[in-house]
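# Need the 3D shape of this:
(chains A and B)
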Amino acid sequence: MRNIESDQSDLLVKAYAHCDGPCGVYDPASARVAGEAVQSMTKKMLHLECPDTSDASAMAGYLNTMSRYALIKEEEAQKCKKELLVLWTDFFKPNHIESFPDLHETFWKAAKLCSACKVEVSATHAQELMDAIEEIHQMFWQAKDREVPWIRAS
Amino acid sequence: MAQIQAVIVGESMSPTLADGQMVIFSSPEERKPLPHDIVLFFHPYKRMKLVKRISHITDEGKYFMVGDNPDLLSSEDSHNFGPIAGEKIMGVLRETD
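Reported below is the predicted structural model:
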């Protein structure tokens, strides 16, 4: 009997009949929390007051805080995009397109907004990202035939 | 006669094949894969082997694989990773325990 793991081995071949996430657990809440963090950091960056540029200590503190905000915004936007892509490519199937003809456009737009929020400090795009995530939230729970209200943590 | 003995891991082929079930595949040279056959093949992007059913052969001559489980979420298949080239197929299901 041929064994494709190794012709010299007695090991059985494992034939995986599984889903991408064996747990089967998907929830747009992960994207929503990351999106909220992006929006929060964007607001903080826009409202952080620049000190007197001749005050070295104050400037150091300002730059440090601004850098931390930017870093978190960058990380959370990337995380948000990843969570959205998992929903788009793993949870939603071709039959969902019949119920949600704008599905691809909505995800495409949301993913692009994640990128825009990384590159820019835009309150407008951060809000548009949250709006897109809310649309996805509605499609997701409708696909599962459940009513789950849109609730924000912040 | 080339054959491959394998154990099923997962539920995407349920109820046809159950998690933990022992199965035997014939080589594709011995038994040409046809639509509706259950086949063993290399995942196109991961270092693993999958077992699915051939739904149909595409116009490009590739194999569209699907799981038997009616739960849409239970199967990662050609809906996710696209149709599979023939050379990725390692075996065609011959018998089960």
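
# middle-most residue in chain A, spatially?
For chain A, the residue nearest the mean C-alpha position is A:Cys80 (1.5 Å; C-alpha atoms, centre = their mean).

# Which helix or strand contains that one?
Assigned by DSSP states H and E, A:Cys80 falls within helix A:56-86.

# neighbours around whatever residue of chain B ends up closest to chain A, how many?
Closest contact between chain B and chain A, by C-beta to the nearest C-beta, is at B:Gly10 (3.2 Å). Any C-beta I mention is one placed from the backbone N, CA and C, and that applies to glycine too. B:Gly10 has 24 neighbours, counted by other C-beta atoms under 10 Å in any protein chain shown.

# is it true that it touches B:Ala18?
No. Using C-beta atoms under 8 Å, B:Gly10 makes no contact with B:Ala18, being 9.7 Å away.

# Show me whatever sits in contact with both of these two.
Here B:Gly10 and B:Ala18 share no contacting residue, scored by C-beta atoms under 8 Å, 6 or more residues apart in numbering or on different chains.

# Chain A: strands as residue ranges?
Using DSSP state E, the strands of chain A run over A:13-16.

# Show the residue spans covered by the helices in it.
Secondary structure of chain A (DSSP state H): helices at A:29-47, A:56-86, A:94-99, A:103-119, A:123-143.

# other SSEs contacting the shortest one?
Packing partners of helix A:94-99 (3 or more C-beta pairs under 8 Å, 6 or more residues apart in numbering or on different chains; DSSP states H and E): helix A:103-119, helix A:123-143.

# got CSV for those, with mean neighbour count and mean pLDDT too?
As requested, the helices and strands packed on helix A:94-99 are arranged in CSV below (neighbours: other C-beta atoms under 10 Å in any protein chain shown; pLDDT from 0 to 100):
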stretch, mean neighbour count, mean pLDDT
helix A:103-119, 18, 96
helix A:123-143, 19, 97
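
# Show me which positions of the helix holding A:Cys80 end up buried.
Buried residues in helix A:56-86, defined by neighbour count with 16 or more other C-beta atoms under 10 Å in any protein chain shown: A:62, A:69, A:72-73, A:76-81, A:83-84, A:86.

# can you redo those as JSON lines with pLDDT?
Listed next are the buried residues of helix A:56-86 as JSON lines, based on pLDDT from 0 to 100:
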{"residue": "A:Tyr62", "pLDDT": "97"}
{"residue": "A:Tyr69", "pLDDT": "96"}
{"residue": "A:Ile72", "pLDDT": "96"}
{"residue": "A:Lys73", "pLDDT": "97"}
{"residue": "A:Glu76", "pLDDT": "96"}
{"residue": "A:Ala77", "pLDDT": "97"}
{"residue": "A:Gln78", "pLDDT": "96"}
{"residue": "A:Lys79", "pLDDT": "94"}
{"residue": "A:Cys80", "pLDDT": "96"}
{"residue": "A:Lys81", "pLDDT": "96"}
{"residue": "A:Glu83", "pLDDT": "93"}
{"residue": "A:Leu84", "pLDDT": "94"}
{"residue": "A:Val86", "pLDDT": "86"}
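
# Relative to chain B, which of those is nearest.
Each of the buried residues of helix A:56-86 was scored against chain B by C-beta to the nearest C-beta, and A:Val86 proved nearest at 11.1 Å.
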